[in-house]
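Chemist: The sequence and its predicted three-dimensional model are supplied below.
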Amino acid sequence: MATKTLVVVLVLATACASGGASSSTSSADAAVAERRDRNVITSTELADPALNSGTVYDAIRSLRPNFLSNRGTQVIPYEGHEGAVDSESGKVHASIDGHGIVSVDELKRMPANNVTEIRLLSPAAAMQKFGATAKQGPVILVTTM
């Protein structure tokens, strides 16, 4: 009986020890993940030479491809045209330094080496910041040096 108890104690001690090590590693990984905002690409991430020599669009496509996902066309009723569909509604747009809304295609011509931050604004946040010009879609806000 003492041998069985000793075996159980050893098994439990081993399980606790390995669980503790795994837990501390997971805690460190979780801390890093918490510091990285999934809606922001930082200058540190953009400093990678492979990204820095390309365009803003390429950096986004590499680091956060979800930024470029359209949310689908929205029906925007407006006076005299109830149920009309705006072909730009729900699409991802961009803004450089907060100056108006431009097509995401503009980011294909913009070098990444002078960008300090790229942030994805939700459709609601974009509408709050840019009003109707956000077209009920998300906006990629690019901040330059």
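Modeler: Perfect, I can see it now.
Chemist: all strands for this protein, in order.
Modeler: Secondary structure of the chain, counting by DSSP state E: strands at 40-42, 93-96, 99-103, 115-121, 139-144.
Chemist: Surely residue 61 and residue 68 touch.
Modeler: Yes: using C-beta atoms under 8 Å, residue 61 is in contact with residue 68, at 6.5 Å. Every residue, glycine included, has its C-beta placed from N, CA and C.
Chemist: returning to what we had before: dump the strands of the chain to CSV, plus mean pLDDT and mean neighbour count.
Modeler: Below are those laid out as CSV (pLDDT from 0 to 100; neighbours: other C-beta atoms under 10 Å):
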stretch, mean pLDDT, mean neighbour count
strand 40-42, 97, 18
strand 93-96, 97, 21
strand 99-103, 95, 13
strand 115-121, 98, 19
strand 139-144, 98, 21
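Chemist: I'd like those written out as TSV, with distance to residue 109 added.
Modeler: What follows is these, written out as TSV (distance: least, C-beta to C-beta, whole Å):
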stretch	distance to residue 109
strand 40-42	18
strand 93-96	11
strand 99-103	10
strand 115-121	13
strand 139-144	12
